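1. requesting a structural model of the entry that follows:
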Amino acid sequence: MTAKSGDFKQPPWIIGSQKEVMDWIEATNPPKKDHKKKEKYADEYLTNLHIKFDFNVKRSEIKASNFLSKISGKILIEEDFELLSTTELILRGLAKAKFKNTAKIVVDGNILYEHPEKKTDLRKTIEDISDFSNEISQGKSLEIRAILSDVERCTAIIKIRKVHTKKEHSVDIMMKGRIRKDLYHTFLNYIRERIGLDEDTE
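-> Reported below is the predicted structural model:
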């Protein structure tokens, strides 16, 4: 008997093939969608992180140099740390956390490097950081954009400022998107081990 009724697939034991048995089991009991699997791993990701650091270094106040600064009453702070070595450490921390694409490096508003389309250039950027050593060493502020393409996509926007207002921080990191907890902690632990920091995380 091999009768079929509509789209219903008859049990294969009528024919007797083992492969057809498995096909029939899968056809009549389709696997549940992986919603539960996604929910299971959802708590292993962090979303849209904002991390702020201050260096434990000598600080000095800068007097307002123009009329608008005097009117606003903003006090500028200059911190005594090396921008180049700090940049290299941040890049190495990103590499440890499996970020692979350095999308952009900006110093004092000037773009030194921009290749958002490259997929695996971060380690090469670290090796070639000396190409930008003069510009970075003489700069007062630096921004790095790096991209992580893992199971989820995350873009890190890192601002390092030697000169900033009292309310701002030396290092301001935005991680837009979702990043695995273990990768985030790999990055954070690497930075903590190598730089004396006070952390403020939102």
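2. surely residue 151 is within a strand?
-> No: read with DSSP: H, G, I helix; E, B strand; the rest coil, residue 151 is coil and lies in no strand.
3. quick check: beta-bridge partners of the nearest residue to it once chain neighbours are set aside?
-> In this structure, residue 151 finds its nearest non-sequential neighbour in residue 180, 7.3 Å apart by C-beta to C-beta, 6 or more residues apart in numbering. Glycine gets a C-beta too; all of them are placed from N, C-alpha and C. Residue 180 has these beta-bridge partners by DSSP bridges: residue 45.
4. same deal with residue 61?
-> Per DSSP bridges, the residues bridged to residue 61 are residue 77.
5. please, where are all the helices along the protein?
-> Applying DSSP state H to the chain gives helices spanning 18-28, 35-42, 67-72, 83-96, 122-127, 133-138, 181-194.
6. still on that earlier bit, how close does the residue nearest to residue 151 get to residue 107?
-> Going from residue 180 to residue 107 by C-beta to C-beta, to the nearest Å gives 30 Å.
7. what does residue 177 give?
-> For residue 177, the distance to residue 107 (C-beta to C-beta) stands at 25 Å.
8. just want to know which of these two has more residues nearby.
-> Each of residue 177 and residue 107 has its neighbours counted (other C-beta atoms under 10 Å); residue 107 has more, 21 against 17.
9. once you drop chain neighbours, what's closest to that one?
-> Among residues not flanking residue 107 along the chain, residue 139 sits closest, at 4.1 Å (C-beta to C-beta, 6+ apart).
10. from residue 180, how far out is that neighbour?
-> Residue 139 is 32 Å from residue 180, by C-beta to C-beta.
11. and the two? Which one has more around it.
-> Higher neighbour count among residue 139 and residue 180: residue 139, with 22 against 19, using other C-beta under 10 Å.
12. count of neighbours near residue 101?
-> Other residues near residue 101 come to 21 when the count uses other C-beta under 10 Å.
13. that one reaches residue 123, doesn't it?
-> No: using C-beta atoms under 8 Å as the test, residue 101 is too far from residue 123 to be in contact (10.6 Å).
14. worst-scoring helix or strand of the chain, pLDDT-wise?
-> Counting by mean pLDDT, DSSP states H and E, the chain has its least confident helix or strand at helix 35-42, which shows a mean of 49.
15. middle-most residue in this structure, spatially?
-> Centroid-nearest residue in the chain, with C-alpha atoms, centre = their mean: residue 156, separated by 3.8 Å.
16. bridging residues for that residue?
-> residue 146, residue 175.
17. would you agree it is in contact with residue 174?
-> Yes: counting by C-beta under 8 Å, residue 174 is a contact partner of residue 156 at 7.3 Å.
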